[in-house]
Every structure is written in structure tokens, then in C-alpha cells.
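Student: Need coordinates for the following:
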Amino acid sequence: MTAYVHVSFTVKNPELMQAYSANAAQTIKAFKGEFLVKGPVVNLHGKSDYNFMAMIAFESKEMATQWYESSEYQKLIALRNEAMDSQFSLING
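Tutor: Residues are numbered from 1 along each chain as shown. Presented below is the predicted three-dimensional model:
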């Protein structure tokens, strides 16, 4: 069953964000993940502290979890945290 990683984020450092995004995209591909959408957010209802969102599809919950917990992605977390404030959520489709 398809699983989705939903990312809400606000960029803190655009230069570091570029580096993080390029490296993270490579780790996502390695786990057969695919970006469905990524861009600025316009809130229609409610409040959010984040101004961007992304949705990444994986073949299964297991693949999404393996990606997030992989050593390749874990190496990027310090860079991610310097580049942006974020929240990652796993949605089982």
C-alpha cells in the first residue's frame, strides 16, 4: 500500500536549503520515493507555522520508514535542521 511522507517547513537558510534538497532528493530516489508536490502554502483554514509543504510517495510504509531511518538520510539531519524548521509525518494510504 502506498505511503506518503508529508513535510511542512520554513526555510531558515536558502543556501543550506539548496544543499539539503539536492542531497535529500538522491536518498529519496534510492528508496523509490517520488515527489508528488513541493511548494509554498496558502492556508485555506487554520493556522500553520510553516510556509512550504512537500508530499513524497513511497511504495509502502516500510520503504518510507527505511528511507527516513537510512544512514544516508540520517547524515543529512544536521544540515536539514540548519536549513529549515520542519515537521515530517508518515501517512499510510
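Student: didn't V7 look like it was pressed against Y68?
Tutor: No - assessed by C-beta atoms under 8 Å, V7 is found out of contact with Y68, at 10.7 Å. Any C-beta I mention is one placed from the backbone N, CA and C, and that applies to glycine too.
Student: between these two, what contacts are shared?
Tutor: Both V7 and Y68 are contacted by F88, under the criterion C-beta atoms under 8 Å, 6 or more residues apart in numbering.
Student: can you give me the helices for the protein?
Tutor: 14-30, 61-69, 71-74, 77-83 (DSSP state H).
Student: who are the neighbours in contact with Q18?
Tutor: Applying C-beta under 8 Å, 6+ apart, no residues contact Q18.
Student: Tell me the pLDDT of it.
Tutor: Note on Q18: pLDDT of 97.
Student: Could you check how far it is from N51?
Tutor: Look at Q18 and N51: by C-beta to C-beta, to the nearest Å, they are 17 Å apart.
Student: want to try CSV for the helices of the chain, with distance to V42 as columns?
Tutor: Shown next, in CSV, are those (distance: least, C-beta to C-beta, whole Å):
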stretch, distance to V42
helix 14-30, 20
helix 61-69, 26
helix 71-74, 29
helix 77-83, 23
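Student: Out of those helices, which gets nearest to K38?
Tutor: Minimum separation from K38 across the helices of the chain (C-beta to C-beta) falls at helix 14-30, 8.8 Å.
Student: what comes up buried for that closest one?
Tutor: L16, M17, Y20, S21, N23, A24, T27, I28 (16 or more other C-beta atoms under 10 Å).
Student: what do you get for stretch 29-41?
Tutor: Here stretch 29-41 shows F31, G33 as buried, counting by 16+ other C-beta under 10 Å.
Student: Repeat that for stretch 60-79.
Tutor: Buried residues in stretch 60-79 (16+ other C-beta under 10 Å): K61, M63, A64, W67, Y68, Y73, L76, L79.
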